[in-house]
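**Q** predicted coordinates and the sequence they were generated for:
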Amino acid sequence: MKMKMKINFIVLLGLNILIFIPLLTTAFPKFPSLPQGSLNINADAIKHRSSAAASGSVCPFGGGDQNRGLKPRNLDIDIDINSRAEIRSDGDSQAQQLTFNPAKQKISTSGVHRFIPPGPKDLRGPCPGLNALANHGYLSRDGVTNWIQASTAATEVFGLGEDLSTVMSLLAVILSGNILTMEWSIGGPPPLSLFGSIGSILLGKPQGISGSHNRYETDASAFKGDSYLFNGDHISTRLDYFATFLNTTTTGEYNDIPLWRALRRVRTDHSIANNPYFYLGPFSGLIATEAGIFFPPIMFSNHSEAAPGGTLTKEVLYAWYSIRENAATGELEYIPGFERIPENWYRQPTNSLTTLRLLTLIIELIAEYPPAGNIGGNTGTVDSFVGVDLADLTGGVFNAIDLLNPEKLFCFVFGLLFALLPDFLLGALTKLGLGIAMNLLKTLLGSSFAGCPSFVLDPTLLEQFPGAGKGPKLRL
């Protein structure tokens, strides 16, 4: 019986591949090649001003007990700018000189896209943008979406580059969804269809974004609490975090990138000092955490003829984060799951936030605040952060300096997924299902990934961190 079921499953999966996968690969463009020379770092010019190591050669972003505690470190960086990217301390070097097109940038919040609060069976999760998309019908209102729908909605509503929205949605499928149906939940585990139920038996039950803690969703986020600190609640917006952030500027404007870089530092330091299980994984910490910091000021800002670069007021933030302010007392109230697109809201131009720009923002953050490039975590007590040496983790293929080069950072991040996915996916994900997803991702990455070196990871280096889990539950 089990053999027959497995054979039938493979037949169904094969039909799915023949019909569905070719459609997917033609529906979206391949990942564009990263421009060569966009950011060249002279590694010899990066000096770590510290006497922590007797040898005088220390990884500036974490390398064992000598780097306990994430504190800013001074770097001298000699940068050869050959094209688009530039590291600097005041702003966003990849921000475009924007024009404003109201017809293309106005996002509808009426008709089929009117706000409807979630029902008792509708799924909502930690991401305010995804919750808002579902509440306005740009994603399925039940909170279960698929790869194409989510990618299209992110580009249509937020102006994300098709490269970034496509890869992010596919990663959501791989890390939290159903490889067979290409569906994923923006909240917790979704109800399964018959086809999805068959897949869950063989591939493991999808857990949704809410169940992807330290894989796709992480600690030290902008306004969500660490899972350990709030009894597993990493979904709710913490009003004290939010109110503190509002008080960091007196201008009433919150789309300034350095403001959010400073928030990343505050949230990380807080987690290290309070969460004994705080963990920054190679993917979850280096990419997911940083994306969660940079997405709000770029994606949530309202654009106009007077401010084509966007403006982000507290009222706009209130809408996105489902917060109300009592006019009489000034007290804030959070209403879970009621995130919405503000009225008369105009998004950024399409392709304003691409993968290259996101990588550059991450590099700029690491240059200003080197601990942002750390991989590691607390070891079971507070203030016990230990960093993993990148060269040790990748067998010498990459080192910390490589994180300051967009091409090498790209290769490391996506190579990491190919290297470790089988080790941390929950359930008995078969080689067949994994191979389909990985080959599809490689097809999308195209020539950008073709020149990347392969490497083998030693996952045991991450098992010293309680927040990382162990064995099949090891988290990136």
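**A** Here it is on my side, so go on.
**Q** Thr237: neighbour count?
**A** When neighbours are defined as other CB atoms under 10 Å, Thr237 has 21 of them. C-beta coordinates here come from the backbone N, C-alpha and C atoms, glycine included.
**Q** do you know how far it is from Pro466?
**A** According to CB to CB, to the nearest Å, Thr237 stands 26 Å off from Pro466.
**Q** what do you get for Ser185?
**A** 26 Å.
**Q** pLDDT below threshold where in the stretch 351-476 of the chain?
**A** Within the stretch 351-476 of the chain, the ranges that satisfy pLDDT under 70 run 417-450, 470-476.
**Q** same question for the chain.
**A** In the chain (pLDDT under 70), the answer is 1-98, 192-204, 213-216, 417-450, 470-476.
**Q** still on that earlier bit, if you count what's nearby, which of Ser185 and Pro466 comes out ahead?
**A** The neighbour count for Ser185 versus Pro466, taken as other CB under 10 Å, is higher for Ser185 (28 against 17).
**Q** dump the residue contacts of the more buried one.
**A** Leu123, Gly125, Gly143, Val144, Thr145, Ser176, Gly177, Pro206, Gly208, Ile209, Ser210 (CB atoms under 8 Å, 6 or more residues apart in numbering).
**Q** also His303?
**A** Residues in contact with His303, defined by CB under 8 Å, 6+ apart, are Leu98, Phe100, Gln105, Gly309, Gly310, Thr311, Tyr346, Arg347, Gln348.
**Q** need those in JSON lines (columns: distance to Gly285, secondary structure and neighbour count).
**A** Putting the contacts of His303 into JSON lines (distance: CB to CB, whole Å; DSSP: H, G, I helix; E, B strand; the rest coil; neighbours: other CB atoms under 10 Å) gives the following:
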{"residue": "Leu98", "distance to Gly285": "31", "secondary structure": "coil", "neighbour count": "15"}
{"residue": "Phe100", "distance to Gly285": "36", "secondary structure": "coil", "neighbour count": "17"}
{"residue": "Gln105", "distance to Gly285": "33", "secondary structure": "helix", "neighbour count": "20"}
{"residue": "Gly309", "distance to Gly285": "29", "secondary structure": "coil", "neighbour count": "16"}
{"residue": "Gly310", "distance to Gly285": "27", "secondary structure": "coil", "neighbour count": "23"}
{"residue": "Thr311", "distance to Gly285": "30", "secondary structure": "strand", "neighbour count": "15"}
{"residue": "Tyr346", "distance to Gly285": "33", "secondary structure": "strand", "neighbour count": "23"}
{"residue": "Arg347", "distance to Gly285": "28", "secondary structure": "coil", "neighbour count": "23"}
{"residue": "Gln348", "distance to Gly285": "26", "secondary structure": "coil", "neighbour count": "24"}
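**Q** how about the helices in the stretch 101-250 of the chain?
**A** For the stretch 101-250 of the chain, the helices defined by DSSP state H, counting those that start in this stretch cover 102-105, 128-135, 147-158, 162-176, 194-203, 239-246.
**Q** which of those sits most buried?
**A** Comparing the helices of the stretch 101-250 of the chain by mean neighbour count (mean count of other CB atoms under 10 Å), helix 128-135 comes out on top with a mean of 26.
**Q** name the surrounding residues that touch that one.
**A** Contacts to helix 128-135, defined as CB under 8 Å, 6+ apart, come from residues 115-118, 122, 124-125, 139-143, 145, 150, 153-154, 157-158, 186, 209, 237, 295, 299-300, 319-322, 337-341.
**Q** between the two ends of stretch 302-316, how far is it?
**A** Stretch 302-316 has an end-to-end distance of 8 Å (CA to CA, to the nearest Å).
**Q** residues of it that come out buried?
**A** Residues of stretch 302-316 classed as buried by neighbour count (16 or more other CB atoms under 10 Å): Asn302, His303, Ala307, Pro308, Gly309, Gly310, Leu312, Lys314, Val316.
**Q** next one: the second one from Thr360, what distance?
**A** Per CB to CB, His303 is found 21 Å from Thr360.
**Q** burial count for the residue nearest to Glu325 when sequence neighbours are not counted?
**A** Leaving out its chain neighbours, the residue that sits closest to Glu325 by CB to CB, 6 or more residues apart in numbering is Leu332, at 5.6 Å. Leu332 has 18 neighbours, counted by other CB under 10 Å.
**Q** residue boundaries of the strands in the stretch 151-300 of the chain?
**A** Using DSSP state E, counting those that start in this stretch, the strands of the stretch 151-300 of the chain run over residues 183-185, 279-280.
**Q** mind putting those strands into TSV with distance to Leu170?
**A** Formatted as TSV, the strands of the stretch 151-300 of the chain follow (distance: least, CB to CB, whole Å):
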stretch	distance to Leu170
strand 183-185	10
strand 279-280	23
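**Q** out of those, which is the most enclosed?
**A** Counting by mean count of other CB under 10 Å, strand 279-280 has the highest mean neighbour count of the strands of the stretch 151-300 of the chain, with a mean of 30.
**Q** what's that strand in contact with?
**A** 214, 218-220, 285-286, 289, 374-378, 465-468, 475.
**Q** next, count neighbours for Gly111.
**A** By other CB under 10 Å, neighbour count at Gly111 equals 7.
**Q** again, but for Ile375
**A** Look at Ile375: counted by other CB under 10 Å, it has 26 neighbours.
**Q** hmm, it is touching Val386, no?
**A** No: checked against CB atoms under 8 Å, the pair Ile375 and Val386 is beyond contact range at 10.1 Å.
**Q** show me what contacts Cys127?
**A** The contact partners of Cys127, by CB under 8 Å, 6+ apart, come to Ile186, Ile209, Glu217.
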